[in-house]
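**Q** Generate coordinates for the sequence data below:
(chains A and B)
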Amino acid sequence: GAGVSQSPSNKVTEKGKDVELRCDPISGHTALYWYRQSLGQGLEFLIYFQGNSAPDKSGLPSDRFSAERTGGSVSTLTIQRTQQEDSAVYLCASSRRTSAENEQYFGPGTRLTVT
Amino acid sequence: QKEVEQNSGPLSVPEGAIASLNCTYSDRGSQSFFWYRQYSGKSPELIMFIYSNGDKEDGRFTAQLNKASQYVSLLIRDSQPSDSATYLCAVPRWRDYKLSFGAGTTVTVRA
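**A** Just a heads-up that it's a prediction; the model follows:
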């Protein structure tokens, strides 16, 4: 079946503009994660949607970042008033979130460049 | 204490040798353990998962789990230049299955 998809694959924006990044998880996956990865760095956790429970937003770096997940499927990560330090690859991942099948699969990422 | 820690690397091995990667975790309740491979400029790719104590083999990869010691390792046998990548260990929390990643170990296989 289809994997995790993300759009756009690349986004160039001017400092101060808002951007929206989209993630389509694997069908049937109840858990969805957003991560950020700067060049040469490790994965930085941003937010975790876990079924119908309240999302874990503990990784969001500032109130300029927000995310929503509609209907338990598609998720949008919004960055308001972008700054140059927001430039990174934004990765989405999904999993079934059970004790027996918790393998997490990543999308190809969105490369965000803030000029 | 970090939730997941990996040996820092980088790790350089000659072609044909065994690359050994180590990972420790803090949550004693964790039940499943994952290894991801990330090539430069690509997203992480799941290559191994293990749920039970002992060894699990898949091709040239062997995952080893010791829950008592809270330790999981990955062995890459007959290393190839194509194995050159960063390897990430990931462990979910038992209470909500949130996956935590180690910082990764970069492996370079010398031809």
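
**Q** quick one: contacts for A:Lys15?
**A** Counting by CB atoms under 8 Å, 6 or more residues apart in numbering or on different chains, A:Lys15 makes contact with A:Thr82, A:Gln83, A:Gln84, A:Val114, A:Thr115. In this view, the C-beta of every residue, glycine as well, is placed from N, C-alpha and C.

**Q** Now for the closest residue to chain B within chain A, how many residues are close by?
**A** Proximity to chain B, evaluated over chain A using CB to the nearest CB, is greatest for A:Phe106 at 4.2 Å. The number of residues packed near A:Phe106 is 22, by other CB atoms under 10 Å in any protein chain shown.

**Q** Surely it and A:Ser95 touch.
**A** No: counting by CB atoms under 8 Å, A:Phe106 does not reach A:Ser95; the two are 10.2 Å apart.

**Q** Which positions in chain B make contact with chain A?
**A** Proximity of chain B to chain A (CB under 8 Å from any CB of the partner chain) is limited to residues B:31-32, B:34, B:42-46, B:49, B:51, B:88, B:90, B:92, B:96-101, B:103-104.

**Q** list the contacts for the residue of chain A closest to chain B?
**A** Contact analysis of A:Phe106 by CB under 8 Å, 6+ apart lists A:Val4, A:Leu91, A:Cys92, A:Ala93, B:Ser43, B:Pro44, B:Glu45.

**Q** now do 7 Å
**A** A:Val4, A:Leu91, A:Ala93, B:Ser43, B:Pro44 (CB atoms under 7 Å, 6 or more residues apart in numbering or on different chains).

**Q** okay if I get these as TSV plus distance to A:Asp18 and secondary structure?
**A** Formatted as TSV, these follow (distance: CB to CB, whole Å; DSSP: H, G, I helix; E, B strand; the rest coil):
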residue	distance to A:Asp18	secondary structure
A:Val4	24	coil
A:Leu91	20	strand
A:Ala93	24	strand
B:Ser43	24	coil
B:Pro44	28	coil
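
**Q** Just send those back as TSV, with distance to B:Gln6 and neighbour count too.
**A** TSV is the format used below for those (distance: CB to CB, whole Å; neighbours: other CB atoms under 10 Å in any protein chain shown):
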residue	distance to B:Gln6	neighbour count
A:Val4	24	22
A:Leu91	19	24
A:Ala93	19	27
B:Ser43	18	21
B:Pro44	13	27
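
**Q** ok, of these, which one's closest to A:Gly42?
**A** B:Pro44 (10.4 Å; CB to CB).

**Q** Nearest residue to the closest one in space, please, no chain neighbours.
**A** Distances taken as CB to CB, 6 or more residues apart in numbering or on different chains place B:Tyr36 nearest to B:Pro44, at 4.0 Å, with adjacent residues excluded.

**Q** CA-only coordinates of the strand or helix carrying that neighbour, as CSV, when you get a sec.
**A** B:Tyr36 is part of strand B:33-38 when elements are defined by DSSP states H and E. C-alpha atoms of strand B:33-38 as CSV (Å, rounded to 0.1, in the frame of the first residue of the first chain):
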residue,chain,number,x,y,z
PHE,B,33,12.8,-1.7,19.8
PHE,B,34,13.7,-0.4,16.4
TRP,B,35,16.7,0.3,14.3
TYR,B,36,16.5,2.9,11.5
ARG,B,37,19.0,3.7,8.8
GLN,B,38,19.3,7.2,7.4
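
**Q** What backbone torsions are found at residue 13?
**A** As the question left the chain open, I've gone with chain A. Reported as degrees, to the nearest 10, the phi and psi values for A:Thr13 are phi -140, psi 160.
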